[in-house]
Every structure is written in C-alpha cells, then in structure tokens.
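*Asks:* Turn this into a model:
(4 chains)
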2 protein chains.
Amino acid sequence: MGMTIGEAAVRTQCTPATIRYYEEIGLLRPVGRSANGRRAYAQPDIHRLRFIRRCRDLSFAIDDIRALLDVMDGQAVSCLSARDLTLGHLETVRARRTELEALERTLATMAASCTDTCVSGVAAECVLIEDLAT
Amino acid sequence: MGMTIGEAAVRTQCTPATIRYYEEIGLLRPVGRSANGRRAYAQPDIHRLRFIRRCRDLSFAIDDIRALLDVMDGQAVSCLSARDLTLGHLETVRARRTELEALERTLATMAASCTDTCVSGVAAECVLIEDLAT
DNA sequence: CTTGCTCCTCAAGTAACTTGAGGAGTTACG
DNA sequence: CGTAACTCCTCAAGTTACTTGAGGAGCAAG
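*Replies:* Residues are numbered from 1 along each chain as shown, chains lettered A, B, ... in the order given. Next up is the predicted model:
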C-alpha cells in the first residue's frame, strides 16, 4: 500500500532528500513507516507533494506554500487569502521582471561599448570597466 | 587622511557590516588601521568599493566581481574576459526574465480564474487551489 | 553470499549578507 | 569633567531552500 521514498520521488519530481526536508520543516506531516523503519507514502502524501512541487515551480516561498496548503486543507475561511497571496506574489514577480529588463539593457549597452571601442584591449582602459567604476 | 568605516559606508552605499564582509572574503585587501585600531579608508578603497557596489547592483556574483576587479587592476591580459563575463551574465538575466514573464502569465490567469468563479468562497473548492493541485 | 542499491540519521555546505552578543573606545552635551 | 549615546571591534549564528556527505544498516539480484 505504501511506496518508498524513492518511488514517491519519481512520482512527484522531488528528490528523496527534498521530501525528507519537507517533512522536517512540517510541510508534510510525518509519514508512516513500514516494518523496516522506512518511510511509506500513500496517495494523499503524493498529492500533497505534487501540490508543493507545483507551488515551488511557481516560485512561491515555503511560508506561502504553508498558507496555500491550509486553504487546500480547508483550514482557511475562504480561498480569498490564496488569491491575495497569488496576487501579491505576482506583483513581486512583475517588479523583479521589470528590474531584469532594465538590467538587460544596461548590460547589453556595456558589452556593446566594449566591443565597439576596446580595440586596444588594454584591460584597465576598457570602457566597460570604466563604466563599472562610475 | 583616512575615513572611518561609517564614512566609507555613506560614500559607497554599503553598510559597515558589508564592507567588513568584503574584506573578509578578500574582495578588498585588509585596509589600514588608525592608532585606535579602527579601519581607515583612503580614496582608492572607496573607489574599489564603489566598483563592487555597482557590480552588485548589476547583480554580478561575487566570483564574477573578483574577475572584473582583476581586469580593473590590470591583472588580466585584456578586457575581453570582462566583456565575455558580461555577455554571459546578460544571457542568465535574459533567461531569468523570460521565466518570470511566463510565471506572470500563469499567476495572473490563476488569480483571475479565482476572482471569476469562486463565488462560493469555499476554500477547498477554489479553482486556484485545484489548479495548484494539478 | 556477496555486490550494489536504497534507505536511515545527523551535520555541514551553499550565496551574500544580516543580526546579535559582548566589550571597548570616542564624541557631544551640560 | 562626567556621562550618555554613538561607533567601532570581533566572533558566531541566522537567513532560504535545499544539497552534499559521512557513516551505517537492510534489502534485492545474480
């Protein structure tokens, strides 16, 4: 009835070490053990792990996932908290993406200026390095 | 002639703790001490710290900064290494930005679906939660 | 029966700092 | 001149989300 941590790992795209870690920090309550003392996973555990894995793929923080799991477990009054959490996360992602866009422009400009003008190749005189020293 | 770590911090937008950290990991060689045993910073140190700070603003990794500092110090043969490093970093940033764009779309869709259809507000039935459980 | 997995439990390492404890010297104010 | 507030010092541990490794035991296949 129970599968080993290795089998659970395959089914959830998590490594065994990660699964043990999730148990340790309480994302997964301690799972049953078979006679030989090894962890035995049942279907609900797999389901929960898949949920966690999907949240991590969406780069939710562990504490956010805790809250989302509470919603899934029906511990939350309504699902609005999950939506708000998602919207908050979306804002973080959007802000970071905007930063990265600016970063891309800056880096591209720097690299291009070096390509264009650093014919000498003298390291200390590189326009890119000079830019960084600004 | 030397300024305190606090003054250096103001001039470089780094905190004193960060400046000590950079010294510890060898980004900044151990700076002189005044009679009372406190660190004393001179202009070249400030220049170097500003360089480091700018690199961090551009989210270069510490090891990358080490290499860039070598170029600034004239330790590198040519500045091409700096340009290549910048281009490599640019690619990483670009890839990450693309990921975040996809993430934004997914999160926005999820949040919107909850807003649209979760009239009941029953947490466990939320379409957003169901999506995460997929 | 022996080789090779897989599992177990700690403990420490990763990136780039930040935070805190405990202690000493310094600066400003009255 | 005293004292309160500030800045500095060092060293250690905490942060995030895991990964890696040591050391040891059981299980499955040939």
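*Asks:* Just confirm yes or no for the helix or strand where A:I52 lies near chain B.
*Replies:* Per DSSP states H and E: A:I52 is located in helix A:43-57. Yes: using C-beta under 8 Å from any C-beta of the partner chain, helix A:43-57 comes into contact with chain B via A:H47, A:R50, A:F51, A:R54, A:C55. To be clear about C-beta, it is placed using only N, CA and C from the backbone, and glycine gets the same treatment.
*Asks:* which of the residues you listed sit farthest apart?
*Replies:* A:H47 and A:C55 (13.0 Å; C-beta to C-beta).
*Asks:* Rounded mean pLDDT for the longest helix anywhere in chain A, please.
*Replies:* Ordering each helix of chain A by length in residues (DSSP state H) puts helix A:80-117 first. Taken as a whole, helix A:80-117 carries a mean pLDDT of 94.
*Asks:* in that helix, what counts as buried?
*Replies:* By neighbour count on 16 or more other C-beta atoms under 10 Å in any protein chain shown, the buried set for helix A:80-117 is A:80-83, A:85-87, A:89-90, A:93-94, A:96-97, A:100, A:103-104, A:106-107, A:110-111, A:113-114.
*Asks:* of the residues you listed, list those near chain B.
*Replies:* Answer for the buried residues of helix A:80-117 near chain B (C-beta under 8 Å from any C-beta): A:80, A:82-83, A:86-87, A:89-90, A:93-94, A:96-97, A:100, A:103-104, A:106-107, A:110-111, A:114.
*Asks:* The longest helix of chain A and DNA strand D, are they touching?
*Replies:* No: residues of helix A:80-117 are not located near DNA strand D by C-beta under 7 Å from any atom of the strand, the shortest gap being 10.9 Å.
*Asks:* Which neighbouring elements make contact with that helix?
*Replies:* helix A:62-72, helix A:127-132, helix B:80-117, helix B:127-132 (3 or more C-beta pairs under 8 Å, 6 or more residues apart in numbering or on different chains; DSSP states H and E).
*Asks:* what about the closest residue to A:D45 other than its chain neighbours, neighbour count?
*Replies:* Nearest non-adjacent residue to A:D45, counting by C-beta to C-beta, 6 or more residues apart in numbering or on different chains: A:V31, 5.6 Å away. The number of residues packed near A:V31 is 18, by other C-beta atoms under 10 Å in any protein chain shown.
*Asks:* How about the residues of chain A by DNA strand C?
*Replies:* By C-beta under 7 Å from any atom of the strand, the residues of chain A that approach DNA strand C are A:T4, A:I5, A:G6, A:E7, A:A9, A:P16, A:R20, A:G37, A:R38, A:R39.
*Asks:* Let me see the contact set for the last one.
*Replies:* Contacts for A:R39 were tallied using C-beta atoms under 8 Å, 6 or more residues apart in numbering or on different chains; they are A:T4, A:I5, A:R20, A:E23, A:V31, A:G32, A:R33.
*Asks:* Grab the nearest non-local neighbour of the second one.
*Replies:* Distances taken as C-beta to C-beta, 6+ apart put A:P16 closest to A:I5, at 4.6 Å, once the chain neighbours are dropped.
*Asks:* Return the backbone torsion pair for the one you found.
*Replies:* Note on A:P16: backbone dihedrals following degrees, to the nearest 10 are phi -50, psi -40.
*Asks:* now swap in the one 5 residues further on and tell me
*Replies:* According to degrees, to the nearest 10, the main-chain angles of A:Y21 amount to phi -60, psi -40.
*Asks:* Look up the closest residue to the residue nearest the centre of chain A, ignoring the ones flanking it.
*Replies:* For chain A, A:S59 is the residue whose C-alpha lies nearest the centre (C-alpha atoms, centre = their mean; 3.6 Å). Nearest non-adjacent residue to A:S59, counting by C-beta to C-beta, 6+ apart: B:L103, 6.4 Å away.
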